[in-house]
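[1] Got a sequence here, can you build the structure:
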Amino acid sequence: MVTLAKSRSTILSTGLAMFSMFFGAGNIVFPLALGQFTQDKNFFGVMGLILTAVFVPLLGLLAMLLFDGHYSNFFRRIGKWPGFVVALLILGLIGPFGGIPRCITISSSTLEAFQTGSFTWINLPVFSAFSCILIFLFTYRPRRVLDLLGFVLTPVLLLSLALIVVKGLVMMPPSQHSSHTAWEAFSKGIVSGYNTMDLLAAFFFSSVVLLCLQKGEIKERKNMLSTAVTGSLIAAILLSFVYICFSFLAAGYGATLSGIAPDQLLGTLAQKLLGNQAGLVASITVCFACFTTEIALTAIFADFLRTLLKEKISYPAALVITLVLSFLVSTLHFGGISALLAPVLQVCYPALILLALLNILYKLYDFKPVKSLFYGTLGTSLLIQLLT
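    All right, here's what the predicted structure looks like:
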């Protein structure tokens, strides 16, 4: 009974930690922006979002788990050097050139609604510099990260989100009529799922989860994989819940949120629904959730950077390089970063989804064709992007 209780506790902790690692900037902004766009067609929009922001990352996570978290072996199937370039591109996108600075800008924008009086001097560069310093301190000496994320931060985060959702649903007016068709809403949801970049993160979060489980009480590969898969399902359910609630809230309050920039939607909504004090607490909690994602992404990229340079630099030096790049990119603000990421993601995502599926078939059924299918899909996506 004690062993069973420990096993359930580990699964729950892993699931909550994975939710916390995935829950970053894109998971906040894009469901809200989707609801604001789709209005009464939000059902179709959120279906597209769940497809590409929940099921697709889960597919990528399962594929990488079958490779025991070894992303070099995973991407090498498309060729040694092409695989390396793809891995480097993904790490750059989820790291200092996309994911990390985007989380920082979202946190800053979320708190802007509550900046009054003597706090107005805290602009984006100041906030970003302070965030990078904190990330360095927490990433340099990581201790029991999985338990901290799973048992401490995530329940507080879920409670804060639940307060916003419950208060919002009670007061929510009917959604306004949208001029968009159901297909346009669904397509918008698909693209919004791409923009969360959760598939890219899933490729590398799997190694973090397996490493944490390996350092714990679970030693056998089969048990580790089973725990990781079950935990990922818990994370997927929680993410789906957040996406559905936030998108429908934004759809209902579309008139109130009209003209609000995507990165400021959460702070504005929290302030309107909960007031200044409770709204600020909820917003700070969400910022902490973004902070945990920043820590995970920074550690992953810094470790990759050391490997790339054949460990000629120390881990602290790799962290500094990662965070300096993140700070510089964060000064582009959320809109500038999104404008750079969107076309790249729309080109790469279909091919990466296919690669994850093909690698699962390879591990389970020894299905070997991959290069022609991957490059054919990548070329088709590039052509479509150039023509539209």
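
[2] Go ahead and confirm residue 360 touches residue 63.
    Yes - counting by C-beta atoms under 8 Å, residue 360 touches residue 63, with 4.8 Å between them. Glycine gets a C-beta too; all of them are placed from N, C-alpha and C.

[3] Between the two, which is the more surrounded one?
    Between residue 360 and residue 63, counting by other C-beta atoms under 10 Å, residue 63 is the more crowded of the two (23 against 19).

[4] So what does residue 260 look like in phi/psi?
    phi -80, psi 130 (degrees, to the nearest 10).

[5] what about it, neighbour count?
    With other C-beta under 10 Å as criterion, residue 260 counts 19.

[6] got any ranges where the stretch 51-200 of the chain has weak pLDDT?
    113-122, 141-154, 157 (pLDDT under 70).

[7] Quick one: mean pLDDT for stretch 322-340?
    Averaged over stretch 322-340, pLDDT sits at 93.

[8] How far off centre is that stretch?
    16 Å (C-alpha atoms, centre = their mean, to the nearest Å).

[9] which residues are in contact with it?
    Identification of contacts with stretch 322-340 by C-beta atoms under 8 Å, 6 or more residues apart in numbering yields 25, 29, 95-98, 100-102, 104-106, 109, 124-125, 128-129, 132, 135-136, 195, 261-263, 298, 301-302, 305.

[10] of those, buried ones?
    Among these, those scoring as buried are 25, 29, 95-98, 100-102, 104-106, 109, 124, 128, 132, 135-136, 195, 262-263, 298, 301-302, 305 (criterion: 16 or more other C-beta atoms under 10 Å).

[11] Spatially, and excluding backbone neighbours, which residue is closest to residue 285.
    With sequence-adjacent residues excluded and distances taken as C-beta to C-beta, 6 or more residues apart in numbering, residue 285 is closest to residue 160, at 4.1 Å.

[12] Quick check: phi and psi at the one you found.
    Per degrees, to the nearest 10, the backbone of residue 160 is at phi -60, psi -40.

[13] Do I have it right that it meets residue 286?
    Yes - the criterion here is C-beta under 8 Å, and residue 160 meets it with residue 286 at 6.7 Å.

[14] burial measure for the residue nearest to residue 285, as a count.
    So residue 160, with other C-beta under 10 Å, has 22 neighbours.

[15] avg pLDDT for stretch 256-273?
    Rounded mean pLDDT across stretch 256-273 is 78.

[16] Restricting to C-alpha, output it in CSV.
    What follows is stretch 256-273, C-alpha atoms only, in CSV (Å, rounded to 0.1, in the frame of the first residue of the first chain):
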residue,chain,number,x,y,z
THR,A,256,-14.9,44.6,-22.9
LEU,A,257,-11.5,43.4,-24.2
SER,A,258,-11.9,45.1,-27.6
GLY,A,259,-8.7,46.9,-28.6
ILE,A,260,-6.6,45.3,-25.8
ALA,A,261,-3.3,43.9,-27.1
PRO,A,262,-3.0,40.1,-26.8
ASP,A,263,-0.2,40.2,-24.3
GLN,A,264,-2.3,42.5,-22.0
LEU,A,265,-5.5,40.4,-22.1
LEU,A,266,-4.8,38.4,-18.9
GLY,A,267,-3.9,41.3,-16.7
THR,A,268,-6.9,43.3,-17.9
LEU,A,269,-9.3,40.4,-17.4
ALA,A,270,-7.9,39.6,-13.9
GLN,A,271,-8.3,43.2,-12.9
LYS,A,272,-11.8,43.5,-14.2
LEU,A,273,-13.0,40.3,-12.6
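
[17] hmm, back to that, return the subset of the contacts of stretch 322-340 lying in strands.
    Using DSSP state E, the subset of the contacts of stretch 322-340 located in strands is empty.

[18] Which of those fall within helices?
    Judged by DSSP state H, helices contain the following of the contacts of stretch 322-340: 25, 29, 100-102, 104-106, 109, 124-125, 128-129, 132, 135-136, 195, 298, 301-302, 305.

[19] which residues sit against stretch 373-386?
    Contacts for stretch 373-386 (C-beta under 8 Å, 6+ apart): 78, 343, 346, 347, 348, 349, 350, 351, 354, 355, 358.

[20] Go again with 6 Å.
    78, 343, 346, 347, 350, 351, 354, 355 (C-beta atoms under 6 Å, 6 or more residues apart in numbering).

[21] Which one (most neighbours) among these?
    For the contacts of stretch 373-386, neighbours tallied by other C-beta under 10 Å; top is residue 355, 24 neighbours.

[22] Leaving out chain neighbours, which residue sits closest to that residue?
    residue 374 is the one closest to residue 355 (C-beta to C-beta, 6+ apart), at 5.4 Å.

[23] now the host helix or strand of that neighbour: how far from the chain's centre is it?
    In this assignment (DSSP states H and E), residue 374 forms part of helix 371-387. Distance of helix 371-387 from its chain centroid, counting by C-alpha atoms, centre = their mean, is 25 Å.

[24] what does stretch 274-284 give?
    With C-alpha atoms, centre = their mean, you get 23 Å for stretch 274-284.

[25] Repeat that for stretch 364-384.
    So, by C-alpha atoms, centre = their mean, the centroid of stretch 364-384 is 25 Å from its chain's centroid.
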